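In: Provide a 3D model corresponding to the input given below.
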Amino acid sequence: MFDTLTGRLDGIFKKLRARGKLHPKQVEAALADLRTALLEADVAVEVADGLLDRVRQRAASEEVMKSLTPAQQVVKVVREELQTTMGGTQAAFTLPSSRPAVVMMAGVQGSGKTTACAKLALHLRSKGKRPLLAAADLWRPAAVDQLMTLGRDIDVEVVSDGKDAVKIAKSARKTADREGFDVLIVDTAGRLHVDEDMMREARRVRDAVEPHHVLMACDAMTGQDAVVQARAFMREVDTTGFVLTKLDGDARGGAALSITEVTGRPVYFVGTGEKPQDLEPFYPDRMASRIMGMGDVLSLIDKAQEGMDADKAAEAAEKLASARFTLEDFLEQMQQIRKLGPLQDILAMLPGVPGGKNALKDLEVDDGQLGRAEAIICSMTTEERRNPAIIGGSRRQRIARGSGVATADVNALLKEFEQARKLMKSMLGGKRMPRIPGMPNLPGMG
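Out: Numbering: from 1, shown residues only. Next comes the predicted model:
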């Protein structure tokens, strides 16, 4: 989402780093460029000006201007103030121990609110909770059916008893209490913030179920208009926090940077994709690092811990070190990597890649190559996977036909596999790291 802004910031800071000592006029010129970049990213004017005022005050201090690396100090100040603007520290989403805890989801039409309900239910279940979903969005055609389908997909029960949103919410609360559910998530009707009738219904649902949290699903692609919507919901239903949806889109990111500063309420979660599992806790410090092009290794580690099997990874490392690593193991590791998401997104989380995805556009980042490699290996016999040395010319042609690729692709995979087997020895010897199929030729890789 922040690719354009990240690229702009990288250009601004490169100019600063090219200088030795900084003059106040040079800092002011950089701040003027930074203001333009923030406004182009659709950050609310009041938020951009407040952030820059704080940066200006700190950047003009004697500690920064007389340091040995003043440009680096300015970059550090901007990063810290971005983090402050987005809330400072992570706001943990906590629920009371009494059952059922009630979460009401509100939001404007098209914000991804219903999907956010299912994502939240799956997230809470992964934390040991037993959630119940209530489909109380009766205004949008097929909204109830959509939540029912999502509930089946994630194996979470959904109830929707009646033709009145308030009665559905009340009935769901009784069901949750009677059947021992830990959390009730109520999906309310998506509405326009100017629609008084629908806002009145939201207030009635809130008063009926007395939720512990009223979350607003906020479309990160709406920019400054998200601030207007958030203020309206704050006034009408007293929103306790936000779920930023569609953070994987091509929007400029102004909502993420503006909403907490304007409302005083935290962003609890961000939606990073369309799948039910694509929901992550929001960390202001990590997001600030991403925006500044500093990567986000902690989030990458979290993804790896959730998506990869630690025991299998350890077993593969042991086999690799002892030269017992087979194509079967290679296939398993590729499948583990694919669980983490698109390779370009993973690489953008690594530090030292300024400009985010924009810096990777010219690199060979081909997710399809992993799929082709998987098809090639699956077309081999068990004996061939375990002992690639037996794969001669006729076998390579048969494997190519079976996987729908050229023989050259099979040859390339086998060559890269042999390089990967030498990975541990190469790393220990300080040599260049072999290239892995589907990964770009980054510095340090052969």
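In: where does the protein dip in pLDDT?
Out: 1-2, 19-20, 22, 62-69, 191-194, 249-253, 294-325, 335, 337-368, 420-446 (pLDDT under 70).
In: for residue 246, see how far away the residue lying farthest from the centre of it is.
Out: What lies farthest from the middle of the chain is residue 394; by Cα atoms, centre = their mean that is 45.0 Å. Look at residue 394 and residue 246: by Cβ to Cβ, to the nearest Å, they are 50 Å apart. The way it works is simple: take the backbone N, C-alpha and C, and place the C-beta from them, glycine included.
In: then residue 30?
Out: Noted for residue 30: a distance of 31 Å to residue 246, by Cβ to Cβ.
In: hmm, residue 9 is touching residue 293, no?
Out: Yes - taking Cβ atoms under 8 Å as the definition, residue 9 is a contact partner of residue 293 at 6.9 Å.
In: okay, and the common contacts of these two?
Out: Residues touching both residue 9 and residue 293 (Cβ atoms under 8 Å, 6 or more residues apart in numbering): none.
In: phi and psi next, for the residue nearest the centre of the chain.
Out: Per Cα atoms, centre = their mean, the C-alpha nearest to the average position across the chain is that of residue 272, at 3.8 Å. For residue 272, the backbone dihedrals are phi -110, psi 10 (criterion: degrees, to the nearest 10).
In: with the one 10 residues further on instead?
Out: Dihedral angles phi and psi of residue 282 (degrees, to the nearest 10) take the values phi -90, psi 120.
In: again, but for residue 215
Out: The phi/psi pair for residue 215 (degrees, to the nearest 10) is phi -100, psi 140.
In: would you mind measuring from it to residue 111?
Out: Residue 215 is 11 Å from residue 111, by Cβ to Cβ.
In: same question for residue 272.
Out: Counting by Cβ to Cβ - residue 272 and residue 111 are separated by 15 Å.
In: likewise residue 285?
Out: If you go by Cβ to Cβ, the gap between residue 285 and residue 111 works out to 26 Å.
In: the residue nearest to the centre of the chain touches residue 246, doesn't it?
Out: No - checked against Cβ under 8 Å, the pair residue 272 and residue 246 is beyond contact range at 9.1 Å.
In: which helix or strand contains residue 244?
Out: strand 241-245 (DSSP states H and E).
In: partners of that strand in the sheet?
Out: strand 213-219 (parallel), strand 267-271 (parallel) (DSSP bridges).
In: go through those and pick out the most buried.
Out: Sort the strands paired with strand 241-245 by mean neighbour count, taking mean count of other Cβ atoms under 10 Å, and strand 213-219 sits at the top with a mean of 26.
In: contact partners of that strand?
Out: With Cβ under 8 Å, 6+ apart as the criterion, strand 213-219 contacts 93, 95, 101-108, 110-113, 116, 120, 206, 226, 229-230, 233, 237-246, 255, 259, 268.
In: buried subset of these, written for PyMOL?
Out: Selection of buried members from the contacts of strand 213-219 for PyMOL, criterion 16 or more other Cβ atoms under 10 Å:
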select buried, resi 93+95+101+102+103+104+105+106+107+108+111+112+113+116+120+206+226+229+230+233+237+239+240+241+242+243+244+245+246+255+259+268
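In: packing partners of the helix or strand where residue 286 lies?
Out: Taking DSSP H and E as the definition, residue 286 sits inside helix 284-291. Secondary-structure packing of helix 284-291 (3 or more Cβ pairs under 8 Å, 6 or more residues apart in numbering; DSSP states H and E): helix 3-17, helix 70-85.
In: could you list the domains of this protein?
Out: Listed by automatic domain parsing, the domain ranges of the chain are 3-85, 101-292, 300-428.
In: which one of the ones you listed is the most hemmed in?
Out: For those, the highest mean count by mean count of other Cβ under 10 Å goes to domain 101-292, at a mean of 20.
In: residue ranges of the helices in the stretch 201-350 of the chain, please?
Out: Along the stretch 201-350 of the chain, counting by DSSP state H, counting those that start in this stretch, helices occupy 225-237, 254-263, 284-291, 297-307, 310-321, 327-338, 343-348.
In: now the helix or strand just after the last one, how far from the centre of its chain.
Out: Beyond helix 343-348 in the direction of the C-terminus, DSSP H and E gives the next helix or strand as helix 367-378. From the chain centre to the centre of helix 367-378 is a distance of 25 Å (Cα atoms, centre = their mean, to the nearest Å).
In: what's helix 367-378 packed up against?
Out: helix 327-338, helix 343-348, helix 393-403, helix 407-421.
In: at 10 Å instead, please
Out: helix 327-338, helix 343-348, helix 382-386, helix 393-403, helix 407-421 (3 or more Cβ pairs under 10 Å, 6 or more residues apart in numbering; DSSP states H and E).
In: using JSON lines, lay out the ones you listed together with distance to residue 86.
Out: Output for these, formatted as JSON lines (distance: least, Cβ to Cβ, whole Å):
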{"stretch": "helix 327-338", "distance to residue 86": "30"}
{"stretch": "helix 343-348", "distance to residue 86": "18"}
{"stretch": "helix 382-386", "distance to residue 86": "47"}
{"stretch": "helix 393-403", "distance to residue 86": "46"}
{"stretch": "helix 407-421", "distance to residue 86": "39"}
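In: what's the closest non-adjacent residue to residue 104?
Out: Take residue 104 and drop its neighbours on the chain: the residue closest to it by Cβ to Cβ, 6 or more residues apart in numbering is residue 211, 4.0 Å away.
In: show the backbone phi and psi for that neighbour.
Out: phi -70, psi 150.
In: show me what contacts it?
Out: 101-106, 169, 173, 184-186, 205, 237-238, 240 (Cβ atoms under 10 Å, 6 or more residues apart in numbering).
In: I'd assumed residue 47 was in contact with residue 260.
Out: Yes - proximity of residue 260 to residue 47 meets the contact threshold set by Cβ atoms under 10 Å, at 9.3 Å.
In: overlap in contacts of the two?
Out: With Cβ under 10 Å, 6+ apart, residue 260 and residue 47 have common neighbours 85-86.
In: the helix holding residue 286 to strand 241-245, inter-axis angle?
Out: With axes from the mean of the first three to the mean of the last three Cα atoms, to 10 degrees as the basis, helix 284-291 and strand 241-245 are set at 30 degrees to each other.
In: helix 284-291 vs helix 254-263, what angle?
Out: Helix 284-291 runs at 140 degrees relative to helix 254-263, counting by the same axes, to 10 degrees.
In: now do helix 284-291 and helix 3-17, the angle between them.
Out: Using the same axes, to 10 degrees: helix 284-291 against helix 3-17 is 80 degrees.
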